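1. next input, structure requested:
(2 chains)
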Amino acid sequence: MSTTRSEVAHALQKAGLKVPDDEVGQVTEGVEILERIAAKLRDRDPDLSEPGAVSS
Amino acid sequence: MSADLAYLTIGEASRRIAAGDLSPVALTEALIDRAKQIDGKLGSFVTRTDEEARAAARRAEEEIRKDGARTPLHGIPIALKEAFDTAGVRTTVGSRLFKNRVPSRDATAWARLKGSGAVLLGKLETTEFCYGGPSGDSLFRPARNPWNAEHYAGGSSSGAGVALAAGLTLGALGTDTGGSIRLPAAYCGITGFMPSFGLVSRAGVFPLSPTLDHVGPMARSVEDCAILLYALAGHDVQDPGSVARPVVDYRADLAGGVQGLRIGLATSLAQKSAVSDEGLAAYEAAAETFRKLGAEVREAKLATLDDYATAQIVITISEGYALHERMLRTRRDAYSYHTRMRLSLGPFVQAADYIRALRLRDDLIRDYRETMRDFDVLLIPGAPGPAPKAAAVGAYQFFRNPLVTMPANVLGAPAIAQPAGMSKDGLPLAIQIMGKPFGDATVLRAAAAFEQATEWHKARPPV
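-> Have a look, this model is predicted:
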């Protein structure tokens, strides 16, 4: 589920970034792209219950 | 000034200077005059150091007259991307935030070129913090592509690509985190080389993503890149990424040819989804050229462009945001539009995702090492195609449409972009040759063979 515009505005505010309202929409587009990219990374996570899946 | 002088390569100028047929003062003066005549419309230089250049050229001429040229760069005029610190010369990194920033020390890379006798013509336009642009609201107007002013010059080392294509400097230094040397080279029809990670010091160069950033030469020939690299390479304790390895003369093997060289076709990176038909045609023609030159050319299995881009994008946003977070909180409105849009994604990357991206990079490096047991270099398209219209490049363009230049940064591998064709609209097309980490000399040798077999590097824009 993608992050909504208001969630993006809230997250930016929480991070201390003053983003004007007319730019939040564009940042939201960027966040959607980033979420798709991050999802690909998470899809690669190993199954930790599988013996030998991870080692330090 | 004759166009012949403007378009001399470093190698040619160096040989003429050594033979007493060319004066560094006259060459420097001619380039200053040419910049005065035509750079107003191109905007490749943001600061010209005319008086300092004249003084340095006079000094070089005197030294050469007395003792001969001490290096091939002695008396050679060059220019630097605006991200390289230059003592006493304003260095803004293309940002209003650094509008009046004047470093007190030289970047190591420039100090090494200066020590070799090079003459600094000035500083070249960069997209803001090497991450923005082409943004209409930047501190400096984006440099115009001399082949067609409506089209993007490539970034972030935009001014370097433009100045070289327009005959305003003999060589330049750029930086590259995802393609910032190679894209301007591809779009402007010149040659740009990103050396292996750790080979060239980044001390005194403004960072974007310290685990992906590289410094490298940009020029109009492969030989010139080799000359500049020889002067630049070497360990520097000021750069934590710098690697202590012996420096070799990168010109020594340039004429070695590619007979028997094992060249892999990186077909997973040469996909219609990422590269235009014209870009793919230039790539395929280059493969044929290498075959005719005697190379063993066959397909190489590589990860997808999507995998490389995933790692590159997440690492760059994370590391870039870590650098800029404090300034973004207090002065976000002073950043140009594209830069602030990209950096504002920083709070949305979780630490775990950054770690996952580093792990993916480790996997990609391991796979690459395995693939390269069977190859000496890989052939890759140089860019997504000819330069797009500048107005069409949006804030998240390269997140949506990953660049074929990104894999080399993720791998820390040397890669060169060089001219390999011309589009139907009269814009340059390019190929890349990527090698094994610290296989820089082999990459340059393959590129020199291609250059010698083709004429594309001789094309000049209508300036």
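2. now the helices for chain A?
-> Under the criterion DSSP state H, chain A contains helices at A:5-14, A:21-43.
3. so what's residue A:37 up against?
-> By CB atoms under 8 Å, 6 or more residues apart in numbering or on different chains, the contact list for residue A:37 reads B:309-310, B:313-314, B:399. In short, each C-beta sits where N, CA and C put it, glycine included.
4. please disregard the earlier target; I meant residue B:264.
-> Residue B:264 is in contact with B:298-300, B:302, B:371-372, B:374-375, B:377-379, counting by CB under 8 Å, 6+ apart.
5. please repeat the previous calculation with a cut-off of 6 Å.
-> By CB atoms under 6 Å, 6 or more residues apart in numbering or on different chains, the contact set of residue B:264 is B:300, B:375, B:378.
6. center of the chain, which residue is that?
-> This is for chain A. residue A:35 (4.2 Å; CA atoms, centre = their mean).
7. please refer instead to chain B.
-> When CA atoms, centre = their mean is applied to chain B, the residue found nearest the centroid is residue B:181 (2.1 Å).
8. which of the contacts of residue B:264 ranks first by neighbour count?
-> Sorting these by how many neighbours each has (other CB atoms under 10 Å in any protein chain shown) puts residue B:378 first, at 27 neighbours.
9. that one looks like it's in a helix, true?
-> No - read with DSSP: H, G, I helix; E, B strand; the rest coil, residue B:378 is strand and lies in no helix.
10. rewinding a little: separation between the residue nearest to the centre of chain B and chain A?
-> Note on residue B:181: its distance to chain A, by CB to the nearest CB, to the nearest Å, is 24 Å.
11. correct me, but that residue touches residue B:194?
-> Yes - between residue B:181 and residue B:194 a contact is recorded at 5.1 Å, counting by CB atoms under 6 Å.
12. need the residues touching each of these two.
-> With CB under 6 Å, 6+ apart as the test, residue B:181 and residue B:194 both reach residue B:216.
13. what mean pLDDT does the strand or helix carrying residue B:15 get?
-> Residue B:15 belongs to helix B:10-18 when elements are defined using DSSP states H and E. Averaging pLDDT along helix B:10-18 yields 98.
14. packing partners of the longest helix anywhere in chain B?
-> Ranked by residue count, the top helix of chain B under DSSP H comes out as helix B:305-331. Packing partners of helix B:305-331 (3 or more CB pairs under 6 Å, 6 or more residues apart in numbering or on different chains; DSSP states H and E): helix A:21-43, helix B:337-343, helix B:351-371, helix B:406-411.
15. same thing but at 10 Å, please
-> Applying 3 or more CB pairs under 10 Å, 6 or more residues apart in numbering or on different chains; DSSP states H and E, we find helix B:305-331 packed against helix A:21-43, helix B:337-343, helix B:351-371, helix B:397-400, helix B:406-411.
16. in CSV: these, plus mean pLDDT and distance to residue A:11.
-> Formatted as CSV, the helices and strands packed on helix B:305-331 follow (pLDDT from 0 to 100; distance: least, CB to CB, whole Å):
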stretch, mean pLDDT, distance to residue A:11
helix A:21-43, 97, 8
helix B:337-343, 97, 14
helix B:351-371, 98, 15
helix B:397-400, 93, 18
helix B:406-411, 98, 27
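17. which of those sits most buried?
-> helix B:406-411 (a mean of 28; mean count of other CB atoms under 10 Å in any protein chain shown).
18. using PDB, list the CA coordinates for the next helix or strand after that one.
-> Downstream of helix B:406-411, the next assigned helix or strand under DSSP H and E is strand B:415-422. Output of strand B:415-422 as PDB, limited to C-alpha atoms (Å, rounded to 0.1, in the frame of the first residue of the first chain):
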ATOM      1  CA  ALA B 415      34.300   2.500 -17.200                       C
ATOM      2  CA  ILE B 416      34.800   4.800 -20.200                       C
ATOM      3  CA  ALA B 417      32.200   6.500 -22.300                       C
ATOM      4  CA  GLN B 418      33.300   7.400 -25.900                       C
ATOM      5  CA  PRO B 419      31.700   8.500 -29.100                       C
ATOM      6  CA  ALA B 420      30.200   5.700 -31.200                       C
ATOM      7  CA  GLY B 421      27.700   7.200 -33.600                       C
ATOM      8  CA  MET B 422      25.300  10.100 -34.400                       C
END
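19. just give me the neighbour total for residue A:52.
-> 6.
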